[in-house]
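A.B. asks: turn this into a structure:
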Amino acid sequence: MISAAQLLDELMGRDRNLAPDEKRSNVRWDHESVCKYYLCGFCPAELFTNTRSDLGPCEKIHDENLRKQYEKSSRFMKVGYERDFLRYLQSLLAEVERRIRRGHARLALSQNQQSSGAAGPTGKNEEKIQVLTDKIDVLLQQIEELGSEGKVEEAQGMMKLVEQLKEERELLRSTTSAFLQLIYPFRLLKVLLPKKNKWKFVKCVEPF
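C.D. replies: Here you go, the predicted structure:
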């Protein structure tokens with residue numbers, strides 16, 4: 001995740017805290033410590049934070065002033081940064097598509113297991129949930145009978161068991177839901193467009 005300090009660096013420059021008479025940084029936009037992807041429009045490392053595709057933090061400089069200097073430079077779009085940037089984005093897209101194919105394969109396997117009667121991860125949970133539901137129904141009927149017989153303490157003790165079984169059933173349901181969300185593949189649509197000598201990145205996510 002991008003830090004507050006890094007975000008301020010991008011918006012206000014790395015010298016934002018210096019007094020007017022203090023020496024400013026002399027790093028040029030073409031210095032090796034500057035993120036060339038950021039100069040082209042954005043750094044891909046900032047796209048997938050806190051996801052399974054997290055690229056980790058970028059160790060290079062992200063500075064809006066340096067990007068403006070690059071855009072005003074006579075070398076703008078002539079040094080190959082954009083070509084490298086596009087090549088890197090294409091490699092990321094290929095990796096995302098590979099994960100999508102794997103997700104499809106897992107989903108197809110799960111569906112085949114369910115249709116053939118084999119118990120996959122979700123099928124096993126559904127069986128356990130049904131067993132727990134049957135036990136709960138039987139216990140509730142017994143509790144009702146105990147209550148009608150005036151056996152309050154026994155009914156209360158059995159009710160505690162029912163609550164425990166309900167908690168276990170809810171845990172299984174939430175696990176099943178989480179598993180389905182995990183294997184359900186999503187398609188990442190990305191379009192990289194030049195707009196007034198800048199790169200415009202459009203992206204959206206939709207389920208298959």
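A.B. asks: all helices for this structure, in order.
C.D. replies: Secondary structure of the chain by DSSP state H: the helices cover 4-12, 36-40, 64-72, 81-115, 121-148, 152-183.
A.B. asks: which one of those lies nearest to residue 29?
C.D. replies: Taking C-beta to C-beta, helix 64-72 is the member of those nearest to residue 29, at 4.1 Å. (C-beta placed from N, C-alpha, C; glycine too.)
A.B. asks: put the alpha carbons of that closest one into PDB.
C.D. replies: Output in PDB follows, covering the C-alpha atoms of helix 64-72 (Å, rounded to 0.1, in the frame of the first residue of the first chain):
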ATOM      1  CA  GLU A  64       5.000  14.700 -10.200                       C
ATOM      2  CA  ASN A  65       7.500  17.500 -10.800                       C
ATOM      3  CA  LEU A  66       9.900  15.100 -12.500                       C
ATOM      4  CA  ARG A  67       7.100  13.700 -14.600                       C
ATOM      5  CA  LYS A  68       6.300  17.300 -15.800                       C
ATOM      6  CA  GLN A  69       9.900  17.900 -16.500                       C
ATOM      7  CA  TYR A  70      10.000  14.700 -18.600                       C
ATOM      8  CA  GLU A  71       6.800  15.700 -20.500                       C
ATOM      9  CA  LYS A  72       8.300  19.100 -21.300                       C
END
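A.B. asks: picking up where we left off before, can you say which of the helices of the chain is packed in most?
C.D. replies: Burial of the helices of the chain is given as mean neighbour count (mean count of other C-beta atoms under 10 Å); helix 36-40 ranks first at a mean of 23.
A.B. asks: for that one, C-alpha coordinates in CSV please.
C.D. replies: Listed next in CSV are the C-alpha coordinates belonging to helix 36-40 (Å, rounded to 0.1, in the frame of the first residue of the first chain):
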residue,chain,number,x,y,z
LYS,A,36,10.2,5.4,-15.5
TYR,A,37,6.8,3.8,-15.4
TYR,A,38,5.6,6.6,-13.2
LEU,A,39,6.9,9.1,-15.8
CYS,A,40,4.8,7.4,-18.4
